[in-house]
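Enquirer: Here is the input, now give the coordinates:
(2 chains)
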Amino acid sequence: MTLLRIKNLSLSIHGAPILKHVDLSIDHGQIVAVTGESGSGKSMTALAVMQLLPNGAEVDGSIQLDGAGLLTRSEAQMCALRGASIGMVFQEPMTALNPVKTVGDQVMETILIHKAMPPAQARTRAQEVLARVGLPADRFPLSRYPHELSGGQRQRVVIAMAIALRPKLLIADEPTTALDVTTQAQILDLLEGLVREYDMGLLMITHDLAVVADMADQIIVMRHGEVVENGATNDLLHNMQHPYTRMLFEASDHQVTLPEPPEPLPLLEVNQVVREYRLPRTGMFVRPRHHRAVEGVSFTLNRGERLGLVGESGCGKSTLTRAILGLEEVQSGQIRLDGQPVFTGHKPNLAVRRKMQVVFQDPFGSFNPRHRVARLITEPFHLLDTPPTGSDRQDRIAEMLKAVGLSPDDAGKYIHEFSGGQRQRIAIARALIIRPELILFDEAVSALDVSVRAQILDLLAELCEAYDLTYLFISHDLSVVRTVTDRVLVMQSGRIVEQGATDQVFTTPNHPYTQTLIAAAPRLPEFGKIPA
Amino acid sequence: MLRYALKRLISLLISLAVASVVIFAVIEVAPGDPASFMLGVNAQEDTLAALRAELGLDGSKMQRYLNWVGGMLVGDFGTSYTYRTPVSQMIADRLWVSLPLALYALTLSTVIAFPAGIYAAARRGKPGDLVVMGSTQLGIAVPNFWFAMMLVLIFAINLRWFNAGGFVGWSNGMWAGLHSLTLPAIALALPQAAILARVMRSALLDILGEDFMRTARAKGLSRRQALWRHGVRNALIPVLTIIGLQFSFLLAGSIIIEQVFYLPGLGRLVFQAISARDLIVVESVVMLLVFAVITVNFLVDLAYAAVDPRLRSRT
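Expert: Numbering: from 1, shown residues only, chains lettered A, B, ... in the order given. Below you'll find the predicted structure:
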């Protein structure tokens, strides 16, 4: 018997149509992936099953769990069902847990709220499920608070809460999007194992086909609230019918062609850099210890070269980025751009600062919402001694907006009028406007949908052609680094463990850590490649 | 946790030391010699000198500062210039009115604000929320002395449930004392409750939008259960801040209400002392208030740590 059957589901919020006639079904022990871009309605489909839709939602059609309709149930009946028969895991593990309660209490709450067991037994069960998801009580006691755990560990806690009562159906909404590749692989493994072990149905929502390609039994592709394609994973990937599916597939592993780099001529020289942080004192008279976030890193970035920097969160790549930008002073070693140090004395060297710009990850948080685009992208002008004024300034703004694929008219708009991808274009325009010698891309495409990501990568390739960019591309996403860089550095616990030409490092990785990273990265099966 | 408390305690002591220096310095530069003010313009030079010696106004600034601070540490605040009685006794008498009044008002304000704020947040945009928000708007806009007069008019003059003013003293029993502080406490509490309720509501609404509230709902908690189990404690941090500020205000800022109800509180003492240029009283009361404010902040800091485990581990 089918576990979950969604038939002809339509949804509108305050009159705006969100879902149109969605059909979907999941059997016991089956993994069904729903994929599509942001706004395609995949998360809303999940929330409709949970009946946790935002205010003003109107639902039509039917959702049946084990043959019983969900849409006709009262709120109290749904509360009895949520957590017990349907569990749900969310995208952002950093915020999905209550910061003021212990993880043990939060896992036990799922059990106690449904009065499934007396407290003592619930405690034992909480320990069991936490151990099952990889957090054994001897190393991770129930009394831990969420802030004492890493992102991957928190996601395990969220999964433990969702499966504590062995639900028949588990819904996972982008469960690994916020995680590192190796952690992602572990969490996917865990989910798959749980499905097999408990004979659960798993509804997995993701924007990246590669994540689910070798795990899902069935894939459903959604666009604008409609299911455009639906089929068993193998069939669907072998034989993609809808152009949108093909577009998603192509975008997931998008390749760009970069112009040949010029003759090597050093631009950025990083020599034996050490960056330490002081740890809190452990006792009144004990000297505070230090944590070395960056430990003796050396590399050279040549003019016109596109260098990648990969590694997991906490490996020191962001610290290194801040040191290169002159935002923080290093404890030893030198960073020189064009032969000049980025730090003179204890102050950042302005002459060097104006030759570098940065593009950050978050397209939503990295702009002042009260400024217009013209002002936002001309911000770096304050680094110049004689910033352009008048029509010269207007021309520069127009040129930059055109260069990143926007219209000069956009200069008068505010940032909320743009989508995530457009904002990232504006961030690139802001970095490019003073023609810096070096641009740092700090996870600049990690927050974007696969299709938007592909467009931004295309834009980067075009800009390399037009402006001879030199950049350092920092990312945990290996597939992206592979296509937009010439050379790559692999960083682990503050050290560079491997470096070399990108192709060579990816095809014949030497260091075991690089091998782990590459093995963990989700890949689309080769057979699906569209003939050129 | 212990280390966190110790750190806060050290910072409390430093703040107090700095405050005492600043207060002393400010009072020193204030124009007017208390001795000549007390004796009038025709006083003899040697009489003035004698009085200065008696008041402890001679000697170097450093010596006088040390005398003042040293005295306070053992409870000796000096002698009032105008009343010629120990300042510590004057302050103690007034504190027995002001401190209970402030605590009473703070308790009332919290008891009103918490349910009102939580109720409004749970029913955002619905009639119940609008009623609460409307009344808090009114509570903030209307000055507390107007409330005070209305309370006197209704409960003292018309209904005769309370006295219109004055304080019967604690010697007549605790209930009699509390009874005579009830109207002023209500008048003080209403505007504070209005502010606190709004803070509680907006803090809770912020929390309701958090991801972990959605997680809680996905576990099977009803809206109400999620609000109480996961919302309220997280919303307490900003609320505690406001409660701390309000207590300091209630302790020192109730002068108008003391005037309306004819209460012998700290506010009136300071007011009279300033008019009479009784600087030693001003100095001492200000120092006492600083002490109260800093102590309350210390307690609020401890309360933060009790609420939020992230603060406990960060030392």
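Enquirer: give me the number of residues near the residue of chain A found nearest chain B?
Expert: As assessed by Cβ to the nearest Cβ, chain B sits closest to A:Gly83 within chain A, at 3.2 Å. C-beta here means a position set from N, CA and C on the backbone, and glycine is covered the same way. Residues near A:Gly83, counting by other Cβ atoms under 10 Å in any protein chain shown, number 28.
Enquirer: these two touch, right, it and B:Ser222?
Expert: No - counting by Cβ atoms under 8 Å, A:Gly83 does not reach B:Ser222; the two are 11.3 Å apart.
Enquirer: OK, contacts around residue 194?
Expert: All of this refers to chain A. For A:Leu194, the contact set (Cβ atoms under 8 Å, 6 or more residues apart in numbering or on different chains) comprises A:132, A:159, A:163, A:170, A:200.
Enquirer: looking at chain B here, not the other one
Expert: In this structure, B:Ala194 makes contact with B:113, B:135-140, judged by Cβ under 8 Å, 6+ apart.
Enquirer: let's see it at 10 Å
Expert: B:Ala194 sits next to B:109, B:112-113, B:116, B:132-133, B:135-142 when contact means Cβ atoms under 10 Å, 6 or more residues apart in numbering or on different chains.
Enquirer: can you redo those as TSV with secondary structure?
Expert: Below are the contacts of B:Ala194 laid out as TSV (DSSP: H, G, I helix; E, B strand; the rest coil):
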residue	secondary structure
B:Ser109	helix
B:Ile112	helix
B:Ala113	helix
B:Ala116	helix
B:Val132	helix
B:Met133	helix
B:Ser135	helix
B:Thr136	helix
B:Gln137	helix
B:Leu138	helix
B:Gly139	helix
B:Ile140	helix
B:Ala141	helix
B:Val142	coil
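Enquirer: ok, B:Ala116 touching B:Ser135?
Expert: Yes - with contact defined as Cβ atoms under 10 Å, B:Ala116 reaches B:Ser135; the gap is 8.1 Å.
Enquirer: State the number of residues packed around the residue of the stretch 51-200 of chain B found nearest chain A.
Expert: Closest residue of the stretch 51-200 of chain B to chain A, Cβ to the nearest Cβ: B:Gly125 (8.7 Å). When neighbours are defined as other Cβ under 10 Å, B:Gly125 has 10 of them.
Enquirer: Model confidence for it, exactly?
Expert: Per-residue confidence (pLDDT) for B:Gly125: 86.
Enquirer: swap in A:His242?
Expert: pLDDT recorded at A:His242 is 89.
Enquirer: how close does it get to A:Arg223?
Expert: 8 Å (Cβ to Cβ, to the nearest Å).
Enquirer: Among the contacts of B:Ala194, name the buried ones.
Expert: With neighbours counted by 16 or more other Cβ atoms under 10 Å in any protein chain shown, the contacts of B:Ala194 contain buried members at B:109, B:112-113, B:116, B:132-133, B:135-136, B:139-140.
Enquirer: pLDDT and distance to chain A added to those residues, as CSV?
Expert: Converted to CSV, these look like this (pLDDT from 0 to 100; distance: Cβ to the nearest Cβ, whole Å):
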residue, pLDDT, distance to chain A
B:Ser109, 94, 24
B:Ile112, 94, 25
B:Ala113, 94, 21
B:Ala116, 94, 22
B:Val132, 92, 19
B:Met133, 93, 18
B:Ser135, 93, 25
B:Thr136, 93, 23
B:Gly139, 90, 28
B:Ile140, 90, 27
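Enquirer: which of these lies closest to A:Gly412?
Expert: Within the buried ones among the contacts of B:Ala194, proximity to A:Gly412 (Cβ to Cβ) peaks at B:Met133, which comes in at 36.3 Å.
Enquirer: what secondary structure does B:Leu57 sit in?
Expert: Under the three-state scheme (three-state DSSP), B:Leu57 adopts coil.
Enquirer: Repeat that for A:Gly39.
Expert: Here A:Gly39 is recorded as coil under three-state DSSP.
Enquirer: Can you give me the neighbour number for it?
Expert: Neighbours around A:Gly39, by other Cβ under 10 Å: 15.
Enquirer: mind listing what the nearest residue to it once chain neighbours are set aside touches?
Expert: Closest residue in space to A:Gly39, ignoring its immediate chain neighbours: A:His224 at 7.5 Å, by Cβ to Cβ, 6 or more residues apart in numbering or on different chains. By Cβ under 10 Å, 6+ apart, the contact set of A:His224 is A:17-20, A:36-37, A:39-41, A:244.
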